[in-house]
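# Please work out how this folds:
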Amino acid sequence: MISHDVIALATGMSEFYADGTESVEHFAYCMISRSPSVSEPTRMLIERRAPSTSTLQGLEARRISDKGTALPPEIGPGFSAPIKGKDGESVGAYAIAWTPDGGKTLTVSIARGAPGRDHQADAVELVRQLRPVLLSSPRN
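Down below sits the predicted model:
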């Protein structure tokens, strides 16, 4: 669903390991890391929850807590926010979108991505591209 080049650009890794759901019809997650070792941190995580484990009120509370920015209107309901490290420094970003009823969510997280990249913009762009495939389709 996402090209090798896009993942390499966002994560800064030209070679990486991907693990997750292989079927679009039953997509749940995809994790990107440097290697298959369980000690290797995930650099990118794409996750679809259907049904969602959050309520619309819970999603709004998370947006406020994480100081999130609403997604552009053409993408649909959702927000993006930085991921902060223990020292408060930004270590990445995530974007989350949901169906109007909140019944399904799609989250893209990028942690320790490519230096110099706008990780929040990258996460939003990936949500924009994946939303029609993973949230809008009747089969999902």
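# Looking at the protein, which helix is longest?
Scanning the chain for the helix with the most residues, using DSSP state H, yields helix 119-134.
# Could you list the low-pLDDT ranges of the protein?
Of all residues in the chain, those with pLDDT under 70 make up the ranges 137-140.
# Would you mind pulling the contact partners of stretch 26-40?
Stretch 26-40 has contacts (C-beta atoms under 8 Å, 6 or more residues apart in numbering) with 1, 7, 11, 13, 15-21, 41-49, 134, 140. C-betas here are computed from N, CA, C, even on glycine.
# And the strands in the protein?
17-20, 29-33, 42-49, 69-70, 78-84, 90-98, 105-111 (DSSP state E).
# can you pull the contacts of the residue nearest the centre of the chain?
Central residue of the chain (C-alpha atoms, centre = their mean): Val108, 0.3 Å from the mean position. With contacts defined as C-beta under 8 Å, 6+ apart, Val108 is in contact with Met44, Leu45, Ile46, Tyr94, Ala95, Ile96, Ala123, Leu126, Val127, Leu130.
# Tell me how far it lies from Phe16.
Distance, Val108 to Phe16, using C-beta to C-beta, to the nearest Å: 15 Å.
# How about Ser52?
Distance from Ser52 to Phe16, by C-beta to C-beta: 28 Å.
# what's the answer for Ala95, then?
Note on Ala95: its distance to Phe16, by C-beta to C-beta, is 20 Å.
# Of these two, which one has the most company?
More neighbours surround Ala95 than the other of Ala95 and Phe16, with 29 against 17 (other C-beta atoms under 10 Å).
# Same list, the strands of the chain, but as TSV with distance to Arg117 please.
Converted to TSV, the strands of the chain look like this (distance: least, C-beta to C-beta, whole Å):
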stretch	distance to Arg117
strand 17-20	19
strand 29-33	14
strand 42-49	12
strand 69-70	17
strand 78-84	13
strand 90-98	10
strand 105-111	8
